[in-house]
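[1] Sharing a sequence plus its predicted fold:
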Amino acid sequence: MNFAAIFKRFLVVILAGLALTACATQKKSTGQMQGDVYTGSDTVEYLATGVKDRVFFATNKSTLTTASRDTLRKQAAWMRAKGKSLSFTIEGHADERGTREYNLALGERRANAVKDYLMTYGISGSRLSVISYGKERPVNSGSNPLAWSQNRRSVTVKAN
Amino acid sequence: MKKLILVIFYIFILNNSSFALVEVDITRGNLDPLPIAISPLYVEPGSQEIKQDDKVIKNIGEEISKVIEVNLRRSGLFNPLKKDSFVQNPDIAHVKPRFEDWRLIKAQALVTGKVSIMDEKLRTEFRLWYTVAAKEMVALAFSTTSSNWRRVAHIISDKIYQRLTGEEGYFDTRIIYVSETGEKTQRYKKLAIMDQDGANVKYLTLGNELVLTPRFSPTNQLVTYLSYFRNLPRVYLLDIETGVQEVVGDFPGMTFAPRFSPDGKKIIMSFAQDGNSDIYTMNMDTRVVERITDHTSIDTSPSYSPDGKYICFNSDRSGLQQIYVMRSDGSNVKRITFGKGLYGTPVWSPRGDLIAFTKVHKGKFYIGVMRADGSGERLLTENFYQEAPSWSPNGRVLIFYRETKTDSEGKGFSAKLWSIDLTGYNERLIETETDGSDPSWSSLLSK
């Protein structure tokens, strides 16, 4: 391999990096965010194949987006298939750009939006508990719009 | 030429102030702090030694005067003069200061004192002198156990502050806060308590569970806070003297944002259920729980007015976070913030006239104050992230915490305690062993 080829490869990597950061700061990006709701899958884990464990929210909002509702319907279908013995905790989170106490309330509201939706798809409320962590447990430690969008989330975890 | 003007000015002040005693104006930013000489306290011969952390304190009189000096300097209102310019010995100065000598180094006030230690008892005498008029302004003596020597220094500082500003001091106080360590994504948080100047730090919890927002009761020995003990976020009550703690009430969901009522009998807090947070109180004597707000929005961060008749709180019932005031029974709710941006963490001044708050506007965080009707908003400090102001007991200083941005690698995060005067001047970092957040200022300990 000659030096020109290595240089070319580096350049591509650098350009790709630049493109990513540009996406993060732009309001309407097609890549990782829609508005300020995270649409990527970098931090997402899976409860089962094809069943994402989390949904994302807009700043100060607890409204479920179309994509979130799709994720939650898949969660509900999977929960139903798993049977009543399995219960879940829904963790509500906020980003670092709000006051601590308000964020605790906001996290609780987000987790309950998820719980309510799962219940309308047949999951008993007794299988679902909620907990808010406010801004205490960010998944991305960054201080930028992309990081904040990943942190405004509700995560469904198995409780037993 | 410059020198001449200074001299004339000085004489003018001299003539003037021989009629009125020296006064420090604390209502505006003090850009010309009062020059004060703090003579080391004279240690009487034959005094016992004081040990601290297995070390003998060499000269307790000097140590006490250093603590006083730091207190007064940090207040921003005083300029403690360098001790190497002092020409009079502490023992003689305490009996009869040579005022002309102290005036020569431009000291307008002079602090002298003496200490003796017998049988673990520290006896302290101090005097505050007005050098310009050659008068004694305050003379006091008190005894305490010798391990309490820092408190002696704080009490003397309060007396000086009170005599020279006309307002109660805030040095003999403590701060409770949350000590933070570890990665930003997995912070370990402990309750910590320290003296107002950062000394005598003690950790009250082990860090096994997340703890947030500790607040002092007006009686100082009780603290209410939020703990995630057993992953159930609930408001707790902790007696810091005995270490006994209990959960407040029996709520079937998260309780948070606690504060005491001004008489210390009630805890006011938010209770979140089914995505809706409302404000409740619990009387600690009768255990009676009362619901104060009933609204589908988030109602949180309640804080009583010092007379207990009103409550300010944070609500998003208008769509976004704003500050509201209501009667303490929940009636007569009025929104008081109409400025641009979001408002949170309202906290009523112990004087009753002002409410301190956090404002978020265009990606910046501000600590500000406004009158209880929302008028006269003044922003004291702007930063990337800061919140949660808490008042000094005399209502002149706010303590809060500030977080720094992380860089592109996720490094550089910190949380620190800061204080700022009501005037917007004298912003200061309060140094702590670890990172810190959620500070709450106690009442005066000796009252």
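    Perfect, thanks for sending it.
[2] quick one, domains of chain A?
    Using automatic domain parsing, the domain parsing of chain A gives A:1-27, A:32-158.
[3] which stretch among the ones you listed comes nearest chain B?
    Evaluated with C-beta to the nearest C-beta, the domains of chain A place domain A:32-158 nearest to chain B, the distance being 3.2 Å. The way it works is simple: take the backbone N, C-alpha and C, and place the C-beta from them, glycine included.
[4] any low-confidence regions in chain A?
    A:1-30 (pLDDT under 70).
[5] wait, what's in contact with residue B:347?
    Contacts for residue B:347 (C-beta atoms under 8 Å, 6 or more residues apart in numbering or on different chains) come out as B:303, B:312, B:355, B:356, B:357, B:389, B:390, B:391.
[6] can you tell me the helix or strand for it?
    strand B:342-348 (DSSP states H and E).
[7] Just after that strand, pick out the following helix or strand.
    Counting by DSSP H and E, the next helix or strand C-terminal to strand B:342-348 is strand B:354-361.
[8] Against residue B:59, how distant is residue B:49?
    10 Å (C-beta to C-beta, to the nearest Å).
[9] What of residue A:130?
    Residue A:130 is 59 Å from residue B:59, by C-beta to C-beta.
[10] if you count what's nearby, which of those two comes out ahead?
    In this comparison of residue A:130 against residue B:59, neighbours counted by other C-beta atoms under 10 Å in any protein chain shown, the higher total goes to residue A:130 at 25 against 14.
[11] who's in contact with the more buried one?
    Counting by C-beta under 8 Å, 6+ apart, residue A:130 touches A:89, A:90, A:91, A:92, A:108, A:111, A:112, A:114, A:115.
[12] Setting aside sequence neighbours, what's the nearest residue to it?
    Nearest non-adjacent residue to residue A:130, counting by C-beta to C-beta, 6 or more residues apart in numbering or on different chains: residue A:111, 3.9 Å away.
[13] check contacts around residue 131.
    As the question left the chain open, I've gone with chain A. Neighbours of residue A:131 in contact, by C-beta under 8 Å, 6+ apart: A:89, A:90, A:91, A:92, A:111, B:231, B:233, B:254.
[14] other chain: chain B
    B:37, B:97, B:99, B:102, B:103, B:107, B:108, B:109, B:110.
[15] Near whichever residue of chain B sits closest to chain A, how many other residues are there?
    The minimum distance from chain B to chain A, using C-beta to the nearest C-beta, falls at residue B:275 (3.2 Å). Neighbour count for residue B:275, taken as other C-beta under 10 Å: 22.
[16] swap in residue A:73?
    14.
[17] and the helix or strand hosting it, what does it pack onto?
    Assigned by DSSP H and E, residue A:73 belongs to helix A:66-82. Counting contacts by 3 or more C-beta pairs under 8 Å, 6 or more residues apart in numbering or on different chains; DSSP states H and E, helix A:66-82 is packed against strand A:46-48, strand A:51-52, strand A:54-56, helix A:100-120.
[18] if we can go back for a sec, what lines up beside the strand holding residue B:347 in the sheet?
    strand B:354-361 (antiparallel) (DSSP bridges).
[19] Downstream of the partner strand, the next helix or strand is which one?
    With secondary structure assigned by DSSP H and E, strand B:354-361 is succeeded by strand B:364-371.
[20] export the next helix or strand after that next one as CSV, just CAs?
    Of the helices and strands lying after strand B:364-371 in sequence (DSSP H and E), the nearest is strand B:378-383. The C-alpha coordinates for strand B:378-383 follow below in CSV (Å, rounded to 0.1, in the frame of the first residue of the first chain):
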residue,chain,number,x,y,z
ARG,B,378,-32.6,40.8,38.1
LEU,B,379,-30.3,38.1,36.6
LEU,B,380,-27.1,37.8,38.7
THR,B,381,-25.1,35.3,36.8
GLU,B,382,-25.1,33.5,33.4
ASN,B,383,-23.5,30.2,32.5
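[21] Give the rounded mean pLDDT of strand B:378-383.
    Averaging pLDDT along strand B:378-383 yields 96.
[22] Neighbouring strands of it in the sheet, and parallel or not?
    strand B:364-371 (antiparallel).
[23] which of the residues in the strand it pairs with are buried?
    By neighbour count with 16 or more other C-beta atoms under 10 Å in any protein chain shown, strand B:364-371 contains the buried residues B:365, B:366, B:367, B:368, B:369, B:370.
[24] pLDDT weak spots in chain B?
    Using pLDDT under 70, chain B drops low at B:1-30, B:447.
[25] which ones are touching the residue most central in space within it?
    The residue lying closest to the centre of chain B (C-alpha atoms, centre = their mean) is residue B:392, at 3.7 Å. Counting by C-beta under 8 Å, 6+ apart, residue B:392 makes contact with B:170, B:173, B:398, B:399, B:441.
[26] Between all of those, which two are at the greatest distance?
    B:173 and B:398 (13.6 Å; C-beta to C-beta).
[27] neighbour-wise, which of those two wins?
    Between residue B:173 and residue B:398, counted using other C-beta under 10 Å, the more crowded position is residue B:398 (26 against 22).
[28] Are we agreed that that one is in a helix?
    No - going by DSSP: H, G, I helix; E, B strand; the rest coil, the assignment for residue B:398 is strand, not a helix.
[29] Tell me if I'm right that it and residue B:422 touch.
    Yes - between residue B:398 and residue B:422 there is a contact at 7.0 Å, judged by C-beta atoms under 8 Å.
[30] Skipping its backbone neighbours, what lies nearest residue B:210 in space?
    residue B:228 (4.0 Å).
[31] And for residue B:253, the neighbour number?
    Residue B:253: 19 neighbours (other C-beta under 10 Å).
[32] which bits of chain A sit near chain B?
    A:21, A:60, A:62, A:96-102, A:104-106, A:108-109, A:111-113, A:116, A:131-133, A:136-144 (C-beta under 8 Å from any C-beta of the partner chain).
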